[in-house]
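Chemist: here is a sequence together with a model predicted from it:
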Amino acid sequence: MEMTSAVKGRRCGTCTLCCKLLTIPQFGNPSGQWCPHCVKGRGCALYPDWPNECRSFYCGYLLWSELGEHWRPSRSKMVVAFKPDGMEIIIHVDPGVPNAWRAEPYYTEIRSMAGQAAETAYTIFVQIGRRIIVVFPDREVDLGVVAEDERVSIQEEAGPGTRKRALKVKANDPRIV
Ligand code: SF4
Ligand code: SF4
């Protein structure tokens, strides 16, 4: 891949991990399976006529200087991304290394992200294939596999404070805001 990096000195290089961990709807590759157009370790076979959604994608490693060099996706086996339609940071984990996010220093940094997110409207998700774990500052909620007709709903708990809870609900559930 070729793109301009927002953090000086960071480029995709031979990394292609987002071509495995992110779903490209027009190619139908589920999260965790390589896009059929990816030449692993080299780049996109469609380049320079690759899809706009790929062209415009910048992972967290390219964008955030707060993420250290160890977050390079080809090394960490994780791709950090914003969900474009919500206040969500999703840490996509390679299903071939499903516990990569629990290794240090990543786990401590992910918990720190959750603490910072609690002061904003953001929520931290860890996604391994279709399995989703919501990371709150005080706990993790493993929702298991979230089916295509299901969604994750984040809600404020009743009572004092701002404790949140995560639910797996059907896509047409009115609790989804
Ligand atoms: S995961 Fe990030 S660094 Fe790797 S190819 Fe995708 S955008 Fe580039
Ligand atoms: S079309 Fe190219 S850039 Fe997009 S996911 Fe497939 S291999 Fe990657």
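Modeler: All right, it came through fine. Ligands and ions are numbered 1, 2, ... in the order given.
Chemist: spit out the contact partners of F57.
Modeler: Contact criterion CB atoms under 8 Å, 6 or more residues apart in numbering gives C18, L22, A81 as the residues in contact with F57. For the C-beta atoms, the positions are set from N, CA and C on the backbone; glycine is no exception.
Chemist: and of those, the nearest to R72?
Modeler: C18 (12.2 Å; CB to CB).
Chemist: just to revisit the earlier point, which residue in the contacts of F57 has the weakest pLDDT?
Modeler: When the contacts of F57 are compared on pLDDT, L22 comes out lowest, with 91.
Chemist: before we move on, back to that, same for ligand 1: which of the contacts of F57 are within range?
Modeler: The overlap between the contacts of F57 and the neighbourhood of ligand 1 (criterion: CB under 6 Å from any ligand atom) consists of C18.
Chemist: out of the contacts of F57, list just those in helices.
Modeler: When DSSP state H defines the helices, the subset of the contacts of F57 inside them is C18.
Chemist: need the contacts of F57 in CSV (columns: distance to R163).
Modeler: Listed next are those as CSV, based on distance: CB to CB, whole Å:
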residue, distance to R163
C18, 33
L22, 31
A81, 26
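Chemist: tell me the residues of the protein that contact ligand 2?
Modeler: Contact residues of the chain with respect to ligand 2, defined by CB under 6 Å from any ligand atom, are listed as C19, I24, C35, H37, C38, C44, L46, W50, P51, C54.
Chemist: so where's the chain shaky on pLDDT?
Modeler: Scanning the chain with the threshold set as pLDDT under 70 gives 1-5, 84-86, 160-161, 175-177.
Chemist: hmm, 80 instead?
Modeler: 1-5, 24-31, 41, 83-86, 118-121, 157-162, 173-177 (pLDDT under 80).
Chemist: what about the helices in it?
Modeler: For the chain, applying DSSP H gives helices covering 18-21, 52-55, 60-63, 73-76, 106-117.
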